[in-house]
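Asker: here are the coordinates; sequence isn't available:
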C-alpha cells in the first residue's frame, strides 16, 4: 500500500507537498480537471469514446452518485429534473453568475444513494 511521502524540494516560502500515491484502493471516482485533451482516463484504463453532439462546442458533464447518510434534512430532499428550454430565466441566471451554460440538471434520491447530473 502506497503512502504519501514528502518531496525533496520546496518552493521558496512554502512547505513541501505530499507525493501522490501510486495506487488508490477503494476509490469509485476519478476526476480530471486538466482540459479536453486530458489523458487521465486512458492512463487509468478507461476507453475514450468520441461522439457527435448537437452543437460543435465541447461539452463537460458532471455525474455524482454517493451513498445516503439518512439524516433528517436528507429525508426532506425530493428528486427533480430541469431542462433549459423549460427554465430559461433560471438557466440564464446561472450562466451569468457562473459562466456555465447548462442544458439540464437532474437529481434522484433512492433508498441507497443520491444521483446528480449536470
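Answerer: Perfect, thanks for sending it. Since the structure is predicted, the reported quantities are computational estimates derived from the model, not experimental observations. Residues are numbered from 1 along each chain as shown.
Asker: Buried residues, the longest helix along the chain. List them.
Answerer: Counting residues, the longest helix found in the chain (DSSP state H) is helix 88-98. Within helix 88-98, the residues scored as buried using 16 or more other C-beta atoms under 10 Å are 91, 94. Glycine gets a C-beta too; all of them are placed from N, C-alpha and C.
Asker: And for stretch 101-110?
Answerer: Quick answer for stretch 101-110 (16+ other C-beta under 10 Å): 102, 105, 107, 109.
Asker: Let me see the mean pLDDT of that stretch.
Answerer: Mean pLDDT, computed over stretch 101-110, is 89.
Asker: List of residues touching that stretch?
Answerer: Here stretch 101-110 makes contact (C-beta atoms under 8 Å, 6 or more residues apart in numbering) with 68, 77-84, 91, 94-95, 114-118.
Asker: before we move on, back to that, for the longest helix of the chain, name the packing helices and strands.
Answerer: Judged by 3 or more C-beta pairs under 8 Å, 6 or more residues apart in numbering; DSSP states H and E, helix 88-98 is in contact with no other helix or strand.
Asker: contact partners of it?
Answerer: In contact with helix 88-98 (C-beta under 8 Å, 6+ apart) are residues 82, 84, 100-102.
Asker: In strands, which of these appear?
Answerer: Counted as lying in strands by DSSP state E, out of the contacts of helix 88-98, are residue 82.
Asker: nearest to residue 32, of the contacts of helix 88-98?
Answerer: Relative to residue 32, the closest of those is residue 100; by C-beta to C-beta it sits at 17.4 Å.
Asker: hey, where'd the strands end up in the chain?
Answerer: Using DSSP E, strands in the chain cover 63-67, 80-83, 104-109, 113-117.
Asker: What about residue 72, how many residues nearby?
Answerer: Using other C-beta atoms under 10 Å, residue 72 has 6 other residues around it.
Asker: any idea of the pLDDT on it?
Answerer: Taking residue 72 on its own, its pLDDT is 88.
Asker: Lowest average pLDDT across the strands of the chain?
Answerer: strand 63-67 (a mean of 80).
Asker: Quick check: neighbours of it in the sheet, parallel or antiparallel?
Answerer: strand 113-117 (antiparallel) (DSSP bridges).
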